[in-house]
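Chemist: Could you look at this predicted model? Sequence included:
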Amino acid sequence: MSDPTFTFTAENEADTARLGGALAAALANGSVVALVGTLGAGKTRLVQALAAATGIDPATVVSPTFVLIHEYAGHRPIYHFDAYRLKDDDEFLALGPEEYFDGAGLSLVEWADRVQRCLPDEYLEIRIDVTGQTQRLFAVRAVGASYAAAVADLRAALA
Ligand SMILES: Nc1ncnc2c1ncn2[C@@H]1O[C@H](COP(=O)(O)OP(=O)(O)OP(=O)(O)O)[C@@H](O)[C@H]1O
Ligand SMILES: [Mg+2]
């Protein structure tokens, strides 16, 4: 079986932008991406790169920390969640996340580890570690067999 994990070192923001573009190409409609990493790790920066590759002005993409979800209309919709300030799972579930997760767009969840139990059975997990001023280590992992192809595509595009 192919390795379900792909690690990518971004030396700078241009590399992160490349990863975002490759993700946009690799992910099927209805995909869910769980973004995990500390404050300032680069979760929003990666969503911006993915949005740019989807025909969305990246300047309109900011952490939806207070409103919890932003929707952007590109070649396909992007649903951008942020669980940072959530009180509990119920507050997240009140947004009706399944409808977004099952929809025609891409769902991206910042601070996904805070709503782990609300995620679908299968999703793409991206953990971001800050390893230098502009260096970031991205660990991309398929949770569930249906994301293995996306990880393989990413590896082929970026390795
Ligand atoms: N290689 C890189 N990739 C991504 N961001 C980088 C990189 N190098 C430097 N940065 C900087 O790191 C910061 C990342 O901020 P960003 O808002 O994306 O973090 P975040 O993980 O969404 O944080 P928060 O949890 O506060 O929403 C930005 O200031 C960006 O310019
Ligand atoms: Mg953010």
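Modeler: Perfect, I can see it now. Residues are numbered from 1 along each chain as shown. Ligands and ions are numbered 1, 2, ... in the order given.
Chemist: Next, the buried residues of stretch 119-135.
Modeler: 119, 120, 123, 124, 125, 126, 127, 128, 129 (16 or more other Cβ atoms under 10 Å). Where you see a C-beta, it was placed from the backbone N, CA and C, and this is true even at glycine.
Chemist: whoops, stretch 81-89 was the one
Modeler: 81, 82, 83, 86.
Chemist: any idea which of the residues you listed is closest to ligand 1?
Modeler: residue 82 (6.6 Å; Cβ to the nearest ligand atom).
Chemist: Phi and psi next, for the closest one.
Modeler: Main-chain torsions, residue 82, degrees, to the nearest 10: phi -140, psi 110.
Chemist: Now do the same for it: its pLDDT.
Modeler: Per-residue pLDDT puts residue 82 at 94.
Chemist: Enumerate the residues of this structure near ligand 2.
Modeler: By Cβ under 5 Å from the ion, the residues of the chain that approach ligand 2 are 43, 44, 63, 110.
Chemist: Farthest-apart pair in those, please.
Modeler: The largest separation in the residues of the chain next to ligand 2, counting by Cβ to Cβ, is between 43 and 63 at 7.7 Å.
Chemist: any shared contact partners between the two?
Modeler: residue 110 (Cβ atoms under 8 Å, 6 or more residues apart in numbering).
Chemist: quick one: which of these two has more around it?
Modeler: A direct count of neighbours by other Cβ atoms under 10 Å for residue 43 and residue 63 places residue 43 higher, at 25 against 16.
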